[in-house]
Every structure is written in structure tokens, then in C-alpha cells.
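Student: For reference, the sequence and a predicted model appear below.
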Amino acid sequence: MHFLTDREEERGDLLLPKSESGEAEPEVRKQLLEYLIQNDGSVVCKWCGEVLPSRTRWYRHKYKLHVSTQVTQPAPLFKCHSCNAYFKSRKGYIGHLSSRHSDNENDENREEPANKKARKTSDIGKGPDWEQQREKEEKLVADIIDRVKRECEAQGETVTRRGYSRRSTVMNS
């Protein structure tokens, strides 16, 4: 059981002097947070006083400005150079690029097609083995797509999408 969810009379002695323990539950929880939630849902950073529109924005703010001063080696963050947003994971960063900046033609995050194959800057140091593996995976995906198309064509025009379910397809194959 967490100490904040325990009964008041048991935790009052541990957290506050007896004179303050009667009405202290919300105050104790607020003191443990690194931010202060306003009535309108905005959040105030307790470290620097900046007002942010949401807790999500506060977490980004925290990792962007405060974590590097507290942690000797923070996890690498992914930065969007178009809007200066930071992401903890590559997946979140890629999702952001595709949803927010996919239509920007002159976005510096996008890859410019060079010759036939576009190469990311992160791919430059990777050798021919990596390229062969990538080509194998692309071929495998293309083969799977072709097989599914052939199966759909073999069933004919009578099959509708309503009859399709992942479970029945997996069970019948």
C-alpha cells in the first residue's frame, strides 16, 4: 500500500506535525509533485515558474530544460528541427514527423530523394550487410502483400469485407 493512500491517522504522524495533520492530504501530495496544477488545467513548473498548457508539455519542458542539469547522462532525446519539439523515443519522433510535417515540402527533417534510393544520415555508416538485410525484409513484405492479394482474388467477388476477420483468416491459413 502506498503511503499517501494509507489511512490518515497512520500517515499523519509520519508526514506532518500533529497540528497540521488534519487537513493536509492534498497539500502533502502537491508538495511531492514537481509541478503545480492550476484550476484551468495549466501547469506551473516548480523549478523555474514557467506556465505550461498541460502536464504533457510540462514533461517535455522538464526533459528539455531541467533533466540534463540533474542527471549526469540523460537518455538521448530526439529533436524536431521544424518545431523544436523533443521526444524520448525514435518511434514518437517518427510519428510526429509523419503526422505534423509530412506535407511540408521544404522541411529539413524529410529525406531528399537522391538517385533511386534515398539514404538517411543515420544509414551512412551502415555497411552492405545492413543494405542486404533491408532489401530482404522489403522483398519479404512485398511477397506477403502479393500472397494476400492472390488469396483475395481467388475468393472472387462474392466475399465482402464484412465477412473478413483476422481470426478466421489466421485460423484458415
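Tutor: Everything's here; your move. Numbering: from 1, shown residues only.

Student: Helices of this protein, residue ranges please.
Tutor: Per DSSP state H, the chain carries helices over the ranges 8-15, 25-32, 55-61, 67-70, 90-100, 128-155, 166-172.

Student: so where's the chain uncertain?
Tutor: 1-31, 68-75, 104-128, 157-173 (pLDDT under 70).

Student: can you do 80?
Tutor: The model of the chain has pLDDT under 80 over residues 1-33, 66-76, 103-130, 155-173.

Student: what sits against R57?
Tutor: Residues near R57 by C-beta atoms under 8 Å, 6 or more residues apart in numbering: V43. Where you see a C-beta, it was placed from the backbone N, CA and C, and this is true even at glycine.

Student: er, E50 I mean
Tutor: For E50, the contact set (C-beta under 8 Å, 6+ apart) comprises 44, 61.

Student: Please shift the residue numbers so they start at 4 in all later answers.
Tutor: Right, with 4 as the first residue, what we last looked at is E53.

Student: Which phi and psi values does it adopt?
Tutor: For E53, the backbone dihedrals (degrees, to the nearest 10) come out as phi -70, psi 140.

Student: Distance check, it against N42.
Tutor: Separation of E53 from N42 (C-beta to C-beta, to the nearest Å): 18 Å.

Student: now do I148
Tutor: As judged by C-beta to C-beta, I148 and N42 stand 52 Å apart.

Student: ok, the two, which is more surrounded?
Tutor: Taking other C-beta atoms under 10 Å, I148 and N42 do not tie; I148 has more neighbours (10 against 5).

Student: For W61, grab the count of nearby residues.
Tutor: Neighbourhood size, W61 [other C-beta under 10 Å]: 23.

Student: hang on, isn't it packed against C48?
Tutor: Yes. Using C-beta atoms under 8 Å, W61 makes contact with C48 at a distance of 6.2 Å.

Student: shared neighbours of these two, anything?
Tutor: By C-beta under 8 Å, 6+ apart, W61 and C48 have these common neighbours: 38, 55.
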